[in-house]
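[1] what's the 3D shape of this:
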Amino acid sequence: MSKKTQYTQLIKTEAKRLGFLSCGISKAEFLEEEAPRLEAWLNKNKHGEMRYMENHFDKRLDPTLLVEGSKSVVSLIYNYFPEETQHDTSAPKISKYAYGTDYHFVIKDKLKQLLEHIKDEIGDVHGRAFVDSAPILEKSWAKKSGLGWIGKHSNLLSRKVGSFYFIAELIIDLELEPDYAVTDHCGTCTACIDACPTEAINEPYTVDGSKCISYFTIELKDNIPTSMKGKFDDWMFGCDICQDVCPWNRFSKAHNEPLFNPKPELLSMTKKDWEEITLETFNKVFKKSAIKRTKYTGLIRNIKFLKD
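    Sure, this is the predicted structure:
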């Protein structure tokens with residue numbers, strides 16, 4: 001067995017031990033086929049007010065510019081599908097990824113452990129860990145690494161586990177055995193396109209970020225346009241519609257990460273509780289939560305928009 005193969009197996013074994021669903025490898029190089037897609041998406045202003053998407057164009061496409069001397073991109077996925085969802089079906093809804101502790105902290109910690117293990121077992125390996133935290137086209141790397149295909153809703157999809165997982169990367173200066181992309185299994189299905197209430201998936205495989213409920217409830221800092229009234233299907237933070245209706249998510253299994261378990265009061269809060277939420281309750285329920293990103297004022301704006 002070559003050293004390259006040996007190191008690759010070692011990394012994948014440790015990733016599994018740390019709780020990652022899957023681990024795939026790509027050679028660190030320029031993402032040639034993604035360049036025109038990203039450019040066209042930005043030129044059509046599909047990113048709305050997410051101006052940060054315009055920054056570091058070259059770095060998004062070339063990991064060697066992010067991590068000097070890098071040779072491999074290690075892509076990993078980590079399950080967040082919850083065992084149970086909010087109890088009051090009439091209450092404003094939160095995207096399932098935000099139920100527990102902020103994933104940035106949880107997964108970054110596991111990535112650091114993986115990198116330490118690589119250094120301990122292999123030696124002087126340098127690299128950086130990323131989880132939704134740098135200009136990286138995570139889904140493109142995960143696809144290239146054979147972890148799934150990009151669905152019509154533009155999320156990464158796997159036949160075994162659907163799409164309810166976080167994507168993370170280690171970019172390292174170690175040559176590894178690359179994996180190969182898998183085929184697309186969306187077929188003629190248009191469930192996600194048909195279900196999107198704001199018509200954000202305006203064509204298969206392309207999401208207009210500026211029309212997405214997640215964009216309006218998390219990214220947009222101004223008032224939500226009145227033209228969107230009645231179209232949010234009670235989502236107050238993020239939106240899972242395109243994933244909930246996807247047939248491949250019937251294979252989603254509940255995660256076993258204690259840090260992703262929600263505080264009990266989050267699931268039990270009624271519609272009335274949400275409409276009357278105080279800053280004190282917000283800080284208590286969402287301590288260390290990704291929901292802190294929208295802040296109390298943002299959440300109140302969203303709840304009021306659903307109510308008015």
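
[2] Now do the buried residues in stretch 233-253.
    235-243, 245-246, 248-249, 252 (16 or more other C-beta atoms under 10 Å). No exception for glycine: its C-beta is placed from N, CA and C like everyone else's.

[3] correction: stretch 223-234
    224, 232.

[4] go on, stretch 182-201?
    Within stretch 182-201, the residues scored as buried using 16+ other C-beta under 10 Å are 182, 186, 189, 191-193, 195-196, 198, 200-201.

[5] How about stretch 168-187?
    Neighbour-count burial for stretch 168-187, counted by 16+ other C-beta under 10 Å, picks out 168-174, 176-179, 181-182, 186.

[6] cool, stretch 96-113 as well?
    Buried-residue list, stretch 96-113, by 16+ other C-beta under 10 Å: 96-103, 106-108, 110-111.

[7] Just the mean pLDDT for it, thanks.
    The average pLDDT within stretch 96-113 is 95.

[8] ok, and what's touching it?
    18-20, 76, 78, 80-82, 85, 129-133, 164, 166, 168, 170, 237-238, 240, 257, 259-262, 266, 288-292 (C-beta atoms under 8 Å, 6 or more residues apart in numbering).

[9] Mind checking which of those residues land in helices?
    residue 266 (DSSP state H).

[10] Make a ChimeraX selection of whichever of the contacts of stretch 96-113 turn out to be buried.
    Here is the ChimeraX command that selects the buried residues among the contacts of stretch 96-113 (16+ other C-beta under 10 Å):
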select :18,20,76,78,80,81,82,129,130,131,164,166,168,170,237,238,240,257,260,261,262,266,289,290,291,292
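
[11] Can you tell me which of the contacts of stretch 96-113 end up in strands?
    Among the contacts of stretch 96-113, DSSP state E puts 76, 78, 129-130, 166, 168, 170, 237 in strands.

[12] Pull the most distant pair out of those.
    Taking C-beta to C-beta as the measure, these span a maximum distance of 29.0 Å, between 170 and 237.

[13] returning to that earlier point: need the buried residues of stretch 168-187 in a markdown table (columns: pLDDT, distance to residue 306 and secondary structure).
    Listed next are the buried residues of stretch 168-187 as a markdown table, based on pLDDT from 0 to 100; distance: C-beta to C-beta, whole Å; DSSP: H, G, I helix; E, B strand; the rest coil:
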| residue | pLDDT | distance to residue 306 | secondary structure |
| --- | --- | --- | --- |
| 168 | 96 | 32 | strand |
| 169 | 95 | 35 | strand |
| 170 | 96 | 39 | strand |
| 171 | 95 | 40 | strand |
| 172 | 97 | 44 | strand |
| 173 | 96 | 48 | coil |
| 174 | 97 | 49 | coil |
| 176 | 97 | 47 | coil |
| 177 | 97 | 49 | coil |
| 178 | 97 | 46 | coil |
| 179 | 97 | 43 | coil |
| 181 | 93 | 40 | coil |
| 182 | 94 | 38 | coil |
| 186 | 97 | 31 | coil |
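
[14] what's the farthest-apart pair in those?
    Pairwise distances across the buried residues of stretch 168-187 peak at 35.7 Å for 173 and 186 (criterion: C-beta to C-beta).
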